[in-house]
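Participant: Next comes the sequence, and after it the predicted model I'd like to discuss.
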Amino acid sequence: MNISVVIPTYKRPGLAENLKQQILLYFPNCEVLIIDQSDSSEPNTSRAKNEGMKKSTGEIVIFFDDDVEITKETISAHVREYENPNVVGVSGRVINDGESVPSSSDVVTGETNNYLTKFNKSFWSTRKQTVEFVYGCNMSFRRKVLLAVSGFDEKWPTPLSAFEEIDLSFRVGKLGLISFSPSALVYHHRAVSGGTRLDQKSRNDQYYLSYGRLVSKHVTFPFSLVSFAVIVVRIMKESPSSISYFLTGLMML
């Protein structure tokens, strides 16, 4: 299979270039596309990923955050999952800096409920499994499937673009299986500068704005009534000033 890797970056071109060199060291025939939005006044990660996907020539498109570190097996492990013709997407294992995780764990990950009120994101699991959604810093898809669903939704509030990969996963998952590969491992270093970082209040507001939109897009009535009740209670406990953002998100198309 021909493989393309897309690395969106914002004010961290050095990190992206370092990752590119690491990728080519382990997988020299890979196409690597850095999509740098550093000159943009309104960075949009979904738009950057779509730009990379459209420019790519590979049958499989892998998306990495610019602040991850791969292993020599990461890309090969992504590719192996596509030997199953029913697999349309892959989420790899992610270990974030500061996490203390077991070397072996059979936990389930990448699952939610009908109300989207709970998300299991134990992507450090070592259990190979089928998932409902991917982890955005280490994911891949068949390019033809991305094109079939029109790629990432670029209407998510920026610059945070929360839930973009979950929304994409739900749409892609209607066309086949999404696999979780523990061998497709990255270490996520969460760079302390650059990127699309916000202060805590702005982050909460954008998170709940996006959350409202996700519920509006993917939860049908009457399940949405339960979603609304549960999430509003959570917001009033965590960030009461964000309630208007959640309500606005529910009405976004």
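Facilitator: Happy to help now that I have it.
Participant: need the helices for the protein, in chain order.
Facilitator: In the chain, the helices defined using DSSP state H lie at 13-26, 45-55, 74-81, 143-148, 164-172, 200-218, 223-238, 243-250.
Participant: For the second one, give me every contacting residue.
Facilitator: Read that as helix 45-55. 4, 6-8, 10, 33, 35, 37, 61, 63, 143, 146-147, 151-154, 156, 158-159, 161, 164, 196 (Cβ atoms under 8 Å, 6 or more residues apart in numbering). Backbone N, C-alpha and C define where each C-beta goes, glycine included.
Participant: Dump the C-alpha coordinates for that helix into PDB.
Facilitator: The C-alpha coordinates for helix 45-55 follow below in PDB (Å, rounded to 0.1, in the frame of the first residue of the first chain):
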ATOM      1  CA  THR A  45      -7.000  21.900  12.400                       C
ATOM      2  CA  SER A  46      -9.800  20.300  10.500                       C
ATOM      3  CA  ARG A  47      -9.100  22.400   7.500                       C
ATOM      4  CA  ALA A  48      -5.400  21.600   7.700                       C
ATOM      5  CA  LYS A  49      -6.100  17.900   7.900                       C
ATOM      6  CA  ASN A  50      -8.400  18.100   4.900                       C
ATOM      7  CA  GLU A  51      -5.700  20.000   2.900                       C
ATOM      8  CA  GLY A  52      -3.200  17.300   3.700                       C
ATOM      9  CA  MET A  53      -5.700  14.600   2.800                       C
ATOM     10  CA  LYS A  54      -6.500  16.200  -0.600                       C
ATOM     11  CA  LYS A  55      -2.800  16.700  -1.400                       C
END
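Participant: Quick check: buried residues in that helix?
Facilitator: In terms of neighbour count (16 or more other Cβ atoms under 10 Å), helix 45-55 has its buried residues at 45-53.
Participant: Please apply the same query to the fifth one.
Facilitator: If you call a residue buried by 16+ other Cβ under 10 Å, then helix 164-172 has these buried ones: 164-172.
Participant: And the furthest pair within those residues?
Facilitator: By the measure Cβ to Cβ, 164 and 172 form the most distant pair in those, at 12.3 Å.
Participant: if we can go back for a sec, tell me the buried residues within the contacts of helix 45-55.
Facilitator: Applying 16+ other Cβ under 10 Å to the contacts of helix 45-55, the neighbour count classes 4, 6-8, 10, 33, 35, 37, 61, 63, 143, 146, 151-154, 156, 158-159, 161, 164, 196 as buried.
Participant: Narrow those residues to those in strands?
Facilitator: 4, 6-8, 33, 35, 61, 63 (DSSP state E).
Participant: Out of the helices of the chain, the one nearest residue 94 is which?
Facilitator: Nearest to residue 94, of the helices of the chain and by Cβ to Cβ, is helix 74-81 at 10.7 Å.
Participant: give me phi/psi at the nearest residue to residue 131 once chain neighbours are set aside?
Facilitator: In space, and not counting its chain neighbours, residue 131 is closest to residue 110: 2.7 Å by Cβ to Cβ, 6 or more residues apart in numbering. Note on residue 110: its backbone torsions stand at phi 60, psi 40 [degrees, to the nearest 10].
Participant: I'd guessed residue 110 sits against residue 91; true?
Facilitator: Yes - contact criterion Cβ atoms under 8 Å: residue 110 and residue 91 qualify, at 6.0 Å.
Participant: measure the closest residue to residue 147 other than its chain neighbours to residue 39 for me?
Facilitator: Setting aside the residues directly before and after it, residue 147 is nearest to residue 53 in space (Cβ to Cβ, 6+ apart), at 7.8 Å. Using Cβ to Cβ, to the nearest Å, one gets 21 Å for the distance from residue 53 to residue 39.
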